[in-house]
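Participant: my questions concern the predicted model and sequence given below.
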Number of protein chains: 2
Amino acid sequence: MKLVCLDLEGVLVPEIWINVALKTGIEELKLTTRDIPDYDVLMNKRLGILKEHKLNLKDIQEVINTMDPLPGAYEFSMAVRSKTQLIILSDTFEQFAAPLMKKLEWPTLFCNTLVIDEKDRITGYTLRQKDGKRKAVEAFHSAGFQILAAGDSYNDLTMIQTAEQGLFFRSPLSIQEENPDIKAVDEYKDLLSAINKFLEN
Amino acid sequence: MKLVCLDLEGVLVPEIWINVALKTGIEELKLTTRDIPDYDVLMNKRLGILKEHKLNLKDIQEVINTMDPLPGAYEFSMAVRSKTQLIILSDTFEQFAAPLMKKLEWPTLFCNTLVIDEKDRITGYTLRQKDGKRKAVEAFHSAGFQILAAGDSYNDLTMIQTAEQGLFFRSPLSIQEENPDIKAVDEYKDLLSAINKFLEN
């Protein structure tokens, strides 16, 4: 059997933190792993900013509630789900993703978890595991699947490389140039056609 | 993170082969693993019957198209999917399950595959792997999940026993009596309440 693994942000939905920054007007929340390469340092910085601005989980969820999947993402993901199994592998947090997952009719999501205190404050986060995207692909291998994986960013590389077929989707030119052996597509119709070919072979 | 694994037939949808037997009037298709314990012998017998009656994949799919999820299954499965990740682990075939999966809004399904020839005849079947339900639970463990699993039958036992929490759902009394340590429930509200407890702890 075959299975498709997709990254979430940048592939099916917009970047969540960037949108929170835009909607709250807190410029510092635009920082990404490009500015602060260490994910733990970056996340703790973000949590510090939320604390400073007294933003709780509910406040962030309200911003995320106003967000929509990327144009065409719903139709694309339903087309994939009607043909094969889709699992979204993301470094986001289940409490953030829920409103967007609802708009995508609850596809399966493997991600991480925020630690919330009794006053609804975000006090920390728990990774499901280190290098979780690669390990999920390996887990599906052990369950008898062949996998097509697609994502846009550095944290998708090991998943893309571990899958039987891997593609970049709307990835920056820099990462494409560093990995010339990985096919890059920018449109859902091209990704869907790669998935169809993968399912037929 | 946590995840729920459910069996399909008898838990979310009716028994597919029994319904095919009822709708086609072919009594022999009512045979189950209770009559013929060896699954391979049973499946080859079923495929022989389909051939004899000149029933192709399309004919069986048309019968399955008239089937609906069990009463309350849709609402129950959507309630589970809005709280956690749901993966259906089934010994059915992807070509059989599709019409029912559509009615359940495409939850993720790990199952097996029928071999179809160019004339749409069912000529064989491929198991994803042996003891696929247990191996899927082990795969989710390796991907960092704790699991609640529920099913009704003997082929669900290893999945139920490998999960952090396992329950029988609408299972025959005989299998319940043979496994008195496994909690048995018959109503979706009771299964949902067990899932909620599992997610809270």
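Facilitator: Perfect, thanks for sending it. Numbers count the residues shown, from 1 in each chain, chains lettered A, B, ... in the order given.
Participant: quick one: contacts for residue A:58?
Facilitator: Neighbouring residues of residue A:58 by C-beta atoms under 8 Å, 6 or more residues apart in numbering or on different chains: residue A:120. From N, CA and C alone the C-beta is placed, and that goes for glycine too.
Participant: got the CA positions of the host helix or strand of it in PDB?
Facilitator: Using DSSP states H and E, residue A:58 falls within helix A:57-65. The C-alpha trace of helix A:57-65 is given here as PDB (Å, rounded to 0.1, in the frame of the first residue of the first chain):
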ATOM      1  CA  LEU A  57      -3.600  30.100  24.100                       C
ATOM      2  CA  LYS A  58      -7.100  31.400  23.400                       C
ATOM      3  CA  ASP A  59      -5.800  34.600  22.000                       C
ATOM      4  CA  ILE A  60      -3.500  32.800  19.600                       C
ATOM      5  CA  GLN A  61      -6.300  30.400  18.700                       C
ATOM      6  CA  GLU A  62      -8.600  33.300  17.900                       C
ATOM      7  CA  VAL A  63      -6.000  34.600  15.400                       C
ATOM      8  CA  ILE A  64      -5.600  31.100  13.900                       C
ATOM      9  CA  ASN A  65      -9.400  30.900  13.700                       C
END
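Participant: tell me which residues of it come out buried.
Facilitator: By 16 or more other C-beta atoms under 10 Å in any protein chain shown, the buried positions in helix A:57-65 come out as A:57, A:59-60, A:63-64.
Participant: report the buried residues of the very next helix or strand once past it.
Facilitator: Sequence-wise, the next helix or strand downstream of helix A:57-65 (DSSP H and E) is helix A:73-81. For helix A:73-81, the buried set under the neighbour-count rule, 16+ other C-beta under 10 Å, comprises A:73, A:76-78, A:80-81.
Participant: can you tell me if helix A:73-81 touches chain B.
Facilitator: Yes. Helix A:73-81 reaches chain B (C-beta under 8 Å from any C-beta of the partner chain) through A:78, A:81.
Participant: what residues does chain A have near chain B?
Facilitator: Counting by C-beta under 8 Å from any C-beta, chain A sits next to chain B at A:1, A:78, A:81-82, A:85-87, A:94, A:98, A:102, A:105-113, A:128-129, A:132, A:135-136, A:138-140, A:142-145.
Participant: filter the residues you listed down to just the ones in strands.
Facilitator: A:85-87, A:108-113 (DSSP state E).
Participant: what is the nearest of those residues to residue A:11?
Facilitator: residue A:86 (11.4 Å; C-beta to C-beta).
Participant: can you pull the contacts of the closest one?
Facilitator: Contacts for residue A:86 (C-beta under 8 Å, 6+ apart) come out as A:3-6, A:77, A:80, A:107-108, B:108.
Participant: of all those residues, which two lie farthest apart?
Facilitator: Once C-beta to C-beta is applied, the contacts of residue A:86 give A:3 and A:77 as the farthest pair, at 13.9 Å.
Participant: domain assignment for chain A?
Facilitator: A:2-13+A:68-112+A:126-200, A:17-64 (automatic domain parsing).
Participant: so where's chain A shaky on pLDDT?
Facilitator: Residue ranges of chain A with pLDDT under 70: none are present.
Participant: repeat the analysis, applying 80 as the threshold.
Facilitator: Along chain A, segments meeting pLDDT under 80 span A:33-34, A:37.
Participant: which parts of it are helices?
Facilitator: Using DSSP state H, the helices assigned to chain A run over residues A:16-24, A:39-52, A:57-65, A:73-81, A:94-103, A:132-142, A:157-162, A:173-178, A:188-200.
Participant: any chance of those in TSV with distance to residue B:175 as columns?
Facilitator: As requested, these are exported to TSV (distance: least, C-beta to C-beta, whole Å):
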stretch	distance to residue B:175
helix A:16-24	45
helix A:39-52	46
helix A:57-65	43
helix A:73-81	33
helix A:94-103	34
helix A:132-142	28
helix A:157-162	39
helix A:173-178	52
helix A:188-200	36
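Participant: which residues touch the nearest residue in space to residue A:90 that is not next to it in sequence?
Facilitator: Of all residues not flanking residue A:90 in the chain, residue A:8 sits nearest, at 3.7 Å (C-beta to C-beta, 6 or more residues apart in numbering or on different chains). With contacts taken as C-beta under 8 Å, 6+ apart, residue A:8 has the following neighbours: A:88-90, A:92, A:97, A:100, A:109, A:111.
Participant: residue A:8 and chain B, how far apart?
Facilitator: From residue A:8 over to chain B the distance is 13 Å, taken as C-beta to the nearest C-beta, to the nearest Å.
Participant: for residue A:52, same thing?
Facilitator: Residue A:52 is 28 Å from chain B, by C-beta to the nearest C-beta.
Participant: and the nearest residue to residue A:176 once chain neighbours are set aside, bridged to which residues?
Facilitator: Nearest residue to residue A:176, sequence neighbours excluded (C-beta to C-beta, 6+ apart): residue A:184, at 4.7 Å. With DSSP bridges as the criterion, residue A:184 is bridged to residue A:168.
Participant: quick check, residue A:184 in contact with residue A:174.
Facilitator: No. In this structure, residue A:184 is not within contact of residue A:174 by C-beta atoms under 8 Å, at 11.6 Å.
Participant: between the two, point out the one with more neighbours.
Facilitator: Counting neighbours by other C-beta atoms under 10 Å in any protein chain shown for residue A:184 and for residue A:174 shows that residue A:184 has the greater number, 19 against 10.
Participant: so what's the more buried one up against?
Facilitator: A:167-169, A:171, A:176.
Participant: picking that back up, now distance to residue B:33 too, for the buried residues of helix A:73-81, in TSV please.
Facilitator: Output for the buried residues of helix A:73-81, formatted as TSV (distance: C-beta to C-beta, whole Å):
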residue	distance to residue B:33
A:73	42
A:76	39
A:77	36
A:78	34
A:80	33
A:81	30
